[in-house]
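> Provided below for reference: sequence and predicted model.
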Amino acid sequence: MDKFVYLLAPFLALTLSLASLSVIPFGPKPLPFSFFGHQIDLWITNPDIGLLVLFAITALGVYGVALAGWASTASTRYSADCEAQRKWSVTNSR
């Protein structure tokens, strides 16, 4: 078992899933939230190509699943990895 990959896999999956939230607005643009006189917009970032960035970040999420299968101690880790990726892609494509 590769200890570095074993620890990297869940961290990568979590980081990429949380990074995808950075391009999703949580409130309308014309109505900023005011907190002690400071104007707070209800999004982290507002890129012009937000949907493309969202697709790119979530597409990288499969690497967390791939690394988790690779780091497993099973003797058939490649087939277990492929099976996990297939299940992940089927459930997320619906």
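In hand now; what should we look at?
> in the chain, which spans are helices?
Ranges of helices within the chain are 3-19, 50-59, 62-70, 77-92, based on DSSP state H.
> So for residue 26, which of these sits nearest?
Closest to residue 26 of those is helix 50-59 (C-beta to C-beta; 12.9 Å). Every residue, glycine included, has its C-beta placed from N, CA and C.
> before we move on, the earlier item: just name the most buried of the helices of the chain.
When these are scored by mean count of other C-beta atoms under 10 Å, the highest mean neighbour count falls to helix 62-70 (a mean of 19).
> residues in contact with residue 20?
54, 57, 58 (C-beta atoms under 8 Å, 6 or more residues apart in numbering).
> Surely the first one is in contact with residue 22?
What that stands for is residue 54. No. Under the criterion of C-beta atoms under 8 Å, residue 54 makes no contact with residue 22, lying 9.2 Å away.
> Pick out the residue nearest the middle of the protein.
The chain has residue 17 as the residue nearest its centroid, 2.3 Å off, counting by C-alpha atoms, centre = their mean.
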